[in-house]
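**Student:** Here's my sequence, what's the structure:
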Amino acid sequence: MQSSSRKLLVVLSGLFVLDLSSTPSGMIHLEDFSGTKLLHAVRNAKPFRLILSILAIYTCYALRALRWKVFQQNLGPSHFGTIYAMTLAGFAAVFLLGRAGEPVRPLLLARKEKLPVSGMFGVYVAGAAV
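**Tutor:** Alright, predicted model coming up:
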């Protein structure tokens with residue numbers, strides 16, 4: 001294993017342990033979990049509604065990408081496909097890292113579109129204020 005990948009593994013492990021240690025002990029109730037209830041819920045799920053909800057989620061991501069494109073148009077040229085892909089990557093980072101993943105999207109967009117990072121964080125702040 002290379003040194004950089006080993007460091008990344010150590011950092012990710014540390015973040016995982018930190019996340020587990022910061023979770024309040026009363027929030028996770030494994031004794032309430034029932035495999036039969038889960039199986040019943042999965043068996044009675046309506047595939048059309050699941051597909052419709054997934055389409056709605058990705059449509060919302062597309063709307064966020066369009067809004068980001070409008071906000072950053074003064075920084076330079078950008079492409080919707082790139083913004084959409086980096087929006088998905090940014091929200092995946094938020095899912096994996098929590099609030100620590102928030103700056104990932106502006107950083108990825110700045111790097112991919114070759115735009116200034118400070119301007120991207122300005123767009124991030126402006127988008128959060130709206």
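
**Student:** Could you check how far the residue nearest the centre of the chain is from residue 64?
**Tutor:** Centre of the chain computed as the mean C-alpha position; nearest residue by Cα atoms, centre = their mean is residue 91, 1.3 Å away. To residue 64, residue 91 is 9 Å away according to Cβ to Cβ, to the nearest Å. C-beta here means a position set from N, CA and C on the backbone, and glycine is covered the same way.

**Student:** What of residue 113?
**Tutor:** Residue 113 is 16 Å from residue 64, by Cβ to Cβ.

**Student:** helices and strands around whatever helix or strand residue 70 lives in, which ones?
**Tutor:** Here residue 70 sits within helix 47-72, counting by DSSP states H and E. When contacts are defined as 3 or more Cβ pairs under 8 Å, 6 or more residues apart in numbering; DSSP states H and E, helix 47-72 packs onto helix 80-97, helix 104-113, helix 117-129.

**Student:** what do you get if the cut-off is 7 Å, keeping everything else the same?
**Tutor:** helix 80-97, helix 117-129 (3 or more Cβ pairs under 7 Å, 6 or more residues apart in numbering; DSSP states H and E).

**Student:** lowest-confidence stretch among those helices?
**Tutor:** The minimum mean pLDDT among those belongs to helix 117-129 (a mean of 72).
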